[in-house]
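Undergrad: Give me the fold of what follows.
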Amino acid sequence: MKPAISIIVPVYNVENYIHKSIESIVSQTLSNIEIILIDDGSTDKSGEIAEYYAKKDSRVKVIHQKNQGVSISRNVGLELAMGEYIGFIDPDDWIDDDMFEKLYCEAIQNNCDVIMCCFSREYIKNNKSVEVFHLFQSNTVLLKDDIKKEICSQLLKHGFFTSVCDKIYSRSFLEEYKIRMHDDIELREDYLFNIDIFNFAERAKYLPIPFYHYRSTANSAMSKYYKNLFQFDLKIYNKKNEYAKKWFPNDHQYLNIVSHDFIIDVYNNVINVYNKNNLENIKNKYKHICKIINHLDTRQALLQCEKFVNSKYMTDYIKIKLIKNKWIFILNVISFFSNIFKDIKRKNISDY
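TA: Numbers count the residues shown, from 1 in each chain. Prediction:
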């Protein structure tokens, strides 16, 4: 019998968390599921733990591969999946035991391409949970025009609702439109996946129930240096620009917002240059910042976002002025000291 849902879990060095995650999946009230664990070259015991569950539960399949990143891992799972719908879970998170039963029933009853829920952000050491809801219509089937109005507008305006883990997707829908994870990007790959999803989706529904539990840590990405961060942000900017023009051709506010967000990303790229894990010399770091702020797309975005930003957004206004006026020396100083302050903060903050 074909599984109702294939659940894809990319696994990499999460031996301290993966038991809770997998237990929450195998305990689902919807039993007709397929669980695909992609061990992405783990160097700890994560792969062994995955194998333990495969021996214990015939619904669990384990694939071992060299480390290639979360996007490729998810795509490997998509190629293997046999379920009517596809779900994704991150291996350090967990879900309520009726999550997939509730989402699947809604998907089948309403013939939806995608069903969504909200999530709880879990701060473990503080024993604190914060429920995160979305801004659009709930418990209503959204058709094409509604999806554009309710969801696509929010994706462009706020850039949220990006996770793939609080949704299930029709596998036939994914195959029809050949939608896969973008495997050439290390950050915000969920966003690119979902913006493609909602470009094509005909029927969607949102349930305002926090079935998914996201394990939140204190800025774990703060210490990482992304050499290609600007290329990642550039790809997202171009994709957002493309869809803003397609979805809202007569409403320039979306182009203004997209350009504004990109320039703020440019500023954050500048800050990223002096991360302590960037081992380049000062001269090359200076050149890197010059390259970022002189890039053609940066200059074009500046012209567009000036129509949107004013003194009401004072912090953003200052950041944009620094980029526009090419105050490279000041940007270098800000980047240098920002990373020093981040290091101090990181030493004083433990995971929640």
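
Undergrad: Can you tell me what sits against the host helix or strand of Cys105?
TA: Element membership for Cys105, per DSSP states H and E: helix 99-110. The contact list for helix 99-110 (CB atoms under 8 Å, 6 or more residues apart in numbering) reads 4-5, 7, 28-30, 33, 84-85, 87, 112, 115, 117, 141, 167-168, 170, 203, 205, 207, 209, 211-212. Bear in mind the C-beta positions are built from the backbone N, C-alpha and C, glycine included.

Undergrad: helix, strand or coil for His64?
TA: With DSSP: H, G, I helix; E, B strand; the rest coil as the basis, His64 sits in strand.

Undergrad: Would you agree Asp57 is in contact with Ile25?
TA: No: contact status for Asp57 versus Ile25: not in contact, 9.5 Å apart, counting by CB atoms under 8 Å.

Undergrad: the more surrounded of these two?
TA: Ile25 (23 against 13; other CB atoms under 10 Å).

Undergrad: That one: which element?
TA: helix 18-26.

Undergrad: Could you pull out the helices in the stretch 151-300 of the chain for me?
TA: Along the stretch 151-300 of the chain, the segments classed as helices by DSSP state H, counting those that start in this stretch run 153-157, 171-176, 189-200, 229-247, 253-273, 282-294, 296-305.

Undergrad: related to what we said a few turns ago, give the buried residues for the helix holding Ile25.
TA: Within helix 18-26, the residues scored as buried using 16 or more other CB atoms under 10 Å are Ile18, Ser21, Ile22, Ser24, Ile25, Val26.

Undergrad: what does that helix contact?
TA: Counting by CB under 8 Å, 6+ apart, 7, 9, 11, 14, 33, 35, 37, 46, 49-50, 53, 57, 59-60, 89-97 sit against helix 18-26.

Undergrad: Stretch 273-281 too?
TA: 223-225, 227, 272, 285, 288-289, 292, 332, 335-336, 338-339, 343.

Undergrad: Buried ones among those?
TA: Asn272, Lys285, His288, Ile289, Ile292, Asn332, Ser335, Ser338, Asn339.

Undergrad: returning to that earlier point: identify the farthest-apart pair in the contacts of stretch 273-281.
TA: Ile292 and Asp343 (22.0 Å; CB to CB).

Undergrad: what's the angle from the helix holding Ile25 to helix 99-110?
TA: Interaxial angle, helix 18-26 versus helix 99-110 (axes from the mean of the first three to the mean of the last three CA atoms, to 10 degrees): 40 degrees.

Undergrad: Using CSV, list the CA coordinates for helix 18-26.
TA: Extracted in CSV, the C-alpha atoms of helix 18-26 (Å, rounded to 0.1, in the frame of the first residue of the first chain):
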residue,chain,number,x,y,z
ILE,A,18,17.7,12.8,17.1
HIS,A,19,16.1,10.2,19.4
LYS,A,20,13.3,12.7,20.4
SER,A,21,12.8,13.7,16.8
ILE,A,22,12.5,10.2,15.4
GLU,A,23,10.3,9.0,18.4
SER,A,24,7.9,11.8,17.6
ILE,A,25,7.6,10.6,14.0
VAL,A,26,7.3,6.9,14.6
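
Undergrad: And the next helix or strand past that helix?
TA: Next element after helix 18-26 (DSSP H and E): strand 33-40.

Undergrad: Now do the contacts for Tyr17.
TA: Residues in contact with Tyr17 (CB under 8 Å, 6+ apart) are Pro91, Asp92, Arg215.

Undergrad: Contacts only, for the second one.
TA: Contact criterion CB under 8 Å, 6+ apart gives Val14, Tyr17, Ile18, Ser21, Arg215 as the residues in contact with Asp92.

Undergrad: please redo it, this time with the cut-off set to 7 Å
TA: When contacts are counted by CB atoms under 7 Å, 6 or more residues apart in numbering, Asp92 touches Val14, Tyr17, Ser21, Arg215.

Undergrad: Is the first one located within a strand, as I assumed?
TA: This means Val14. No: under three-state DSSP, Val14 sits outside any strand and is assigned coil.

Undergrad: Looking at it now. What's its pLDDT?
TA: At Val14, the model reports a pLDDT of 94.
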